[in-house]
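> Would you be able to build a 3D model of this:
(2 chains)
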Amino acid sequence: MKNRILLIVFFFFSVINCFGQEAKSDTNDLTNLSIEELSKMKSKYKATDMEKTITLAIEAASHKPLPLRKSPSIISVITDEEIERSGATDLMDIFQMIPGMEFNVDVEGVVALSFRGLWANEGSISMQIDGQEINEIAYASLQFGNHHQISQIKKIEIIRGPGSSMYGGCAEYAVINIITKKGSDIKGMNVNAIAGQTAKTYTKQNIGVAVGNQHKDFSYHAAGILGRGQRSDRDYRDVYGNSYSMIGNSDLDPSGISAGMKYKSLSLNFLYDNYHTTARDETIGIMSKAYPLDFVNCMTQLKYAAQLNRKIQLQVRLEHKYAEPWRFKGMPDAVDSLYPTYHLKANSYRAHVSTLFDPLYWLNLNIGIESYLDNGRMVSGQQFRADSTDQVSYLNVAPFVQGLLKTSVVNMTIGARYDISSAFGSAFNPRLGVTRRVGIFNFKFLYASSFRAPAIESIQQGMFKMRLKPQRSSTMEFEASVKLRKDMYLSVNVFDINTTDAIRYFVKADSPITGYPDGYRNSRVAIGSKGLELEYKYKSDFGSFNFIYSHYSVGNKGVDRGNNVPADRTQTLGIAKNKLTIAGSFNITPKIFLSPSLNILGRRWGTTGIDSNDRGVFSEFKSQTTINLYAGSSLLVRNMTIGAGIRNITNTDIIYIQAYNSLHAPLPGMGREYYLKISYQIPFKKQS
Amino acid sequence: MRRFYICIILLFCCSAIAFDSYCQSFDYSENSVYIFNFIRYTSWPNNQNTIKIGIVGITPVEGALKDLISKKTNSNSTYTVRRITMAEVRDVDVVVIAQSATAKVKAIADLTAGAPILIITEKENMGRMGACISFFFDEDNDFKTGYQLSLRNCKLRGLSVNEQILNNAELIW
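This is a model prediction of the structure:
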């Protein structure tokens, strides 16, 4: 309690300094300017880094870019500078600092996200790169661990809340929008490399190249990554007690190319992502050796966004995605033959037309329609389970509308999207957002309905061929934030999520023997969570300091067989109720900074064994603390940024626990890791 | 957990102190151009050729406005700017209330209730005190000068503002 009082006193003294801005004089002749012209003038105010962060225009939360505090969502924003200073080498390092986000194992060595106490893989979190959804087509899942090229990230916007009213059936709980660097950001050539090592083995060795520039209305960029990595240097032990060393058996090898060009209102973007992994752990037990498991994504987007006149903006997007997700190739040994080859070739064709329209000074309207066709084709003689065919297609059409209303009391966002699918029927998702700023305070009240659309394989693997309904959620959120000083920001939000018809995958441990199929079904129990998230940020000349805490509880909501912890009804399986992150970045000299961070996950429950009835045996895992340190410099050598860090200093046994009851034992993470980061920029000469 | 919630509430209470010490400062020559434009795009019930601008309190905007008006020789209307007392607020068409005179906003609004007088304040959120337009420092828009507009207060005074003003305003009650 004493410490808390000290904390309050600290805040008290920190806020009493008046932060008036110096009066500015102007010698230019402004007298002939209209209001319109005045409002378009560049501000002469020198904003602090914190002010720039909290006033960044957010694109993901509404179709019209709005400042963070006016955006009708709870939002986290991470800039390229913050990524660089944190010493992050992977998206996992970044998302670990996001309130409510946690990593859990799925199957076959794949690690993915849970959010606010709920397993959020397979269509519950939409992750997008420059507006293109990268969730794979078969299950709509995401895969993390030395996967994406973070040196090319300009900004990450994370909507910590539902996004189906804008993004459809992959955005039930959250949306991650990664905005990459374009020609105008790169302006030259950049070469970067990351190398990490533990006492036993390498962790990752990646090299990336990017080139890009802008000439008047034309800009272009291209980037590539090639690397190799591993999930862990520990041993994995399955629920039967069998184990193997993950060194050499848990490869995480990224390779990919992204390229794009833009001319005036027209842009073309291309992304090729070939994520090669190896896995010895399958859904429950382990295999005799590690087999390759690949995820291939190839996406193309043609976008036309034009301001037709002062009041109307038109946006047309055509997208194609080709994917080979969960490609399990090769001929498994006889002992593993129950785990068959899997090779799906999937295509998704998407068209999006919308208008942003300002009919009245207090109203902005966004009206549009989005349609996509998902097509999956099994190769190598395989068939889809339910339809006993090698090819399936599902069409989805979704009209949507959204109004941003500027009233004298509050700003309001009212919108809805109606998804009509040939696979699951329809889903109507309204949203309401109310924001209000009072001086340094800002308040948001948000309600949204959202859904998870069954993807190709969840439709085809419905238990007993049942037709799955979409998983539905309704979420209420309230956020209060305050700009304590020019360099200090505090936000607190509470949330309440209710999910019905949860799509669950159930594995019967003895299915290979009995023939009883594994499969998906809608849970009869309504599940959900409620909780609180707090972010305190301090950013000044000396560096920055972040204190992030999140808490959830099942409370009076239901739990089903999928996420039930028998010994603790307030908690869900595999996910910590409390999470604390403290991260700082301090300028040691004008050229060198030091960035320590601490991440604590509260106690968790996971499956560690199996009983005689083939039911999981649950064990409690004590809280997990990881401490990291990174020292970097962006100016020591001209055009070069260089840094070295230690991750998991205390050599804690990091584990990723399965967040649903499917008998996969916790997957180990990496031990103490020493790593180096280097980036060299060759600027292009300016055009005369 | 309850203690934790109490701590958070206390933090917000502490920050209320910061709210009082939140000082604003503007580019006054820019504000004077805004004021001039507000006047240009506001219609008074009786079309007047001479617009009298009164300044309550001490603000650099007075000098900036005088300077600006002296340059506007081609205009059809005539403008006068002078510092006024509380007793004179009913004798002008526009009252500009300096940040230092914010305490007088309510009294001025009451004194001029119903009269076609455009009340402009340098302090934000004065619409609830009866101001028609209040300047503020718009952090969400590149830290530019912004203005809040109370259509209700304008209407009560028989003033109508056109789209030029509405388009860029943050509307308040």
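> Is A:Glu36 in a helix, a strand, or coil?
Here A:Glu36 is recorded as helix under DSSP: H, G, I helix; E, B strand; the rest coil.
> Confirm for me that it is in contact with B:Leu166.
No. If you go by C-beta atoms under 8 Å, A:Glu36 and B:Leu166 don't touch, sitting 11.5 Å apart. All C-beta spots, glycine's among them, are computed from the backbone N, C-alpha and C.
> Of those two, which one has the most company?
Between A:Glu36 and B:Leu166, counted using other C-beta atoms under 10 Å in any protein chain shown, the more crowded position is B:Leu166 (16 against 12).
> isn't that one right up against B:Cys154?
No. Between B:Leu166 and B:Cys154 no contact is recorded; they are 10.4 Å apart, counting by C-beta under 8 Å.
> my read is A:Phe445 is in a strand, agree?
Yes. Applying three-state DSSP, one finds A:Phe445 inside a strand.
> count of residues packed around the nearest residue to it once chain neighbours are set aside?
Leaving aside its sequence neighbours, A:Phe445 sits nearest to A:Val434 (C-beta to C-beta, 6 or more residues apart in numbering or on different chains; 4.5 Å). Neighbours of A:Val434 under the rule other C-beta under 10 Å: 19.
> A:Val434 sits in which helix or strand?
strand A:425-438 (DSSP states H and E).
> Output the below-cut-off pLDDT ranges for the chain.
Using chain A. A:1-31, A:330-335, A:337-338, A:507-517, A:687-688 (pLDDT under 70).
> Correction: the question concerned chain B.
Along chain B, the parts satisfying pLDDT under 70 run over B:1-25, B:73-75, B:173.
> Now do the contacts for the residue nearest the centre of chain A.
For chain A, A:Ile176 is the residue whose C-alpha lies nearest the centre (C-alpha atoms, centre = their mean; 4.0 Å). A:Ile176 makes contact with A:95, A:125-128, A:156-159, according to C-beta atoms under 8 Å, 6 or more residues apart in numbering or on different chains.
> And for residue 143, nearest residue in space, chain neighbours not counted?
Looking at chain A here, since you left the chain open. Closest residue in space to A:Gln143, ignoring its immediate chain neighbours: A:Val110 at 5.1 Å, by C-beta to C-beta, 6+ apart.
> actually it's chain B I care about, not the one you picked
A:Tyr45 (3.9 Å).
> circling back to that earlier point, walk me through which strands the strand holding A:Val434 pairs with, and which way each runs.
Within its sheet, and counting by DSSP bridges, strand A:425-438 is paired with strand A:411-421 (antiparallel), strand A:441-452 (antiparallel).
> quick one, which of these is packed in tightest?
Highest mean neighbour count of those: strand A:441-452, a mean of 23 (counted as mean count of other C-beta atoms under 10 Å in any protein chain shown).
> Next up, phi/psi of the closest residue in space to A:Gly669 that isn't next to it in sequence, please.
Closest residue to A:Gly669 apart from its sequence neighbours, by C-beta to C-beta, 6+ apart: A:Ile654 at 3.2 Å. A:Ile654 has phi and psi values of phi -70, psi 130 when expressed as degrees, to the nearest 10.
> What distance do you get for A:Ile654 to A:Arg647?
10 Å (C-beta to C-beta, to the nearest Å).
> any shared contact partners between the two?
Contacts common to A:Ile654 and A:Arg647, judged by C-beta under 8 Å, 6+ apart, are A:626, A:670.
> Neighbour count for the two, which is higher?
Taking other C-beta under 10 Å, A:Ile654 and A:Arg647 do not tie; A:Arg647 has more neighbours (25 against 21).
> where along the chain do the helices fall?
Answering for chain A, as no chain was given. Shown for chain A, the helices assigned by DSSP state H span residues A:2-15, A:35-40, A:49-54, A:80-86, A:91-95, A:164-167, A:183-186, A:456-460, A:511-514.
> hm, I was asking about chain B
With DSSP H as the criterion, chain B has helices at B:2-20, B:28-40, B:61-71, B:105-111, B:151-156, B:163-167.
> List of residues touching the fifth one?
Here helix B:151-156 makes contact (C-beta under 8 Å, 6+ apart) with A:408, B:42, B:109, B:113-114, B:118-119, B:127, B:130-132, B:160-161, B:171, B:173.
> repeat that with 6 Å
Applying C-beta atoms under 6 Å, 6 or more residues apart in numbering or on different chains, the contact partners of helix B:151-156 are B:130, B:132, B:161.
> Partner strands of the lengthiest strand in chain A and their direction?
Determined from DSSP state E, the single longest strand within chain A is strand A:286-307. Note on strand A:286-307: by DSSP bridges, its sheet partners are strand A:266-281 (antiparallel), strand A:312-328 (antiparallel).
> now these as a markdown table including mean neighbour count?
Below are the strands paired with strand A:286-307 laid out as a markdown table (neighbours: other C-beta atoms under 10 Å in any protein chain shown):
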| stretch | mean neighbour count |
| --- | --- |
| strand A:266-281 | 20 |
| strand A:312-328 | 19 |
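> need those strands in CSV with distance to A:Leu404, can you?
Below are the strands paired with strand A:286-307 laid out as CSV (distance: least, C-beta to C-beta, whole Å):
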stretch, distance to A:Leu404
strand A:266-281, 24
strand A:312-328, 13
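> closest to A:Arg569 out of these?
strand A:266-281 (29.2 Å; C-beta to C-beta).
> re earlier: of the contacts of helix B:151-156, which belong to strands?
Per DSSP E, these map to strands at B:Val161.
> just to revisit the earlier point, separation between the residue nearest to the centre of chain A and A:Thr53?
Taking C-beta to C-beta, one finds A:Ile176 at 18 Å from A:Thr53.
> Also A:Phe95?
From A:Phe95 over to A:Thr53 (counting by C-beta to C-beta), the distance is 18 Å.
> swap in A:Gly368?
30 Å.
> Same check on B:Ile51?
B:Ile51 is 43 Å from A:Thr53, by C-beta to C-beta.
> just A:Ile178 next, same as before
A:Ile178 is 17 Å from A:Thr53, by C-beta to C-beta.
> Look at these two and report which has more neighbours.
Between A:Ile178 and A:Thr53, counted using other C-beta under 10 Å, the more crowded position is A:Ile178 (24 against 19).
> Pretty sure A:Asp130 is one of the things the more buried one touches, is it not?
No. Shown here, A:Ile178 and A:Asp130 do not form a contact pair, counting by C-beta atoms under 6 Å, at 7.3 Å.
> Can you get me a residue count around A:Met476?
The number of residues packed near A:Met476 is 16, by other C-beta under 10 Å.
> Find the residue closest to it in space, skipping its chain neighbours.
Excluding its sequence neighbours, the residue lying closest to A:Met476 (C-beta to C-beta, 6+ apart) is A:Asp496, at 4.8 Å.
> Would you mind listing what in the stretch 401-550 of chain A touches chain B?
Counting by C-beta under 6 Å from any C-beta of the partner chain, the stretch 401-550 of chain A comes close to chain B at A:406, A:408-409, A:439-440, A:482, A:484, A:492.
> at 7 Å what do you get?
Neighbours of chain B within the stretch 401-550 of chain A, by C-beta under 7 Å from any C-beta of the partner chain: A:406-409, A:439-440, A:480, A:482, A:484-485, A:490, A:492, A:534.
> what two of those have the greatest distance between them?
Spatial extent of these (C-beta to C-beta) is set by the pair A:Ser408 and A:Leu534 at 31.0 Å.
> which one of these two has more residues nearby?
The neighbour comparison of A:Ser408 against A:Leu534 (other C-beta under 10 Å) goes to A:Leu534, with 19 against 15.
> any idea how far A:Val492 is from that one?
5 Å.
> for A:Tyr236, same thing?
Per C-beta to C-beta, A:Tyr236 is found 39 Å from A:Val492.
> Compare these two (neighbour count), which wins?
Remark: of A:Tyr236 and A:Val492, A:Tyr236 carries more neighbours, 25 against 20, as counted by other C-beta under 10 Å.
> which residues touch that one?
Residues counted as contacts of A:Tyr236 (C-beta atoms under 7 Å, 6 or more residues apart in numbering or on different chains) are A:243-244, A:246, A:281, A:667-668.
> For the buried ones among these, write the corresponding ChimeraX selection.
Those of the contacts of A:Tyr236 that count as buried under 16 or more other C-beta atoms under 10 Å in any protein chain shown are selected in ChimeraX with:
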select /A:244,246,281,667,668
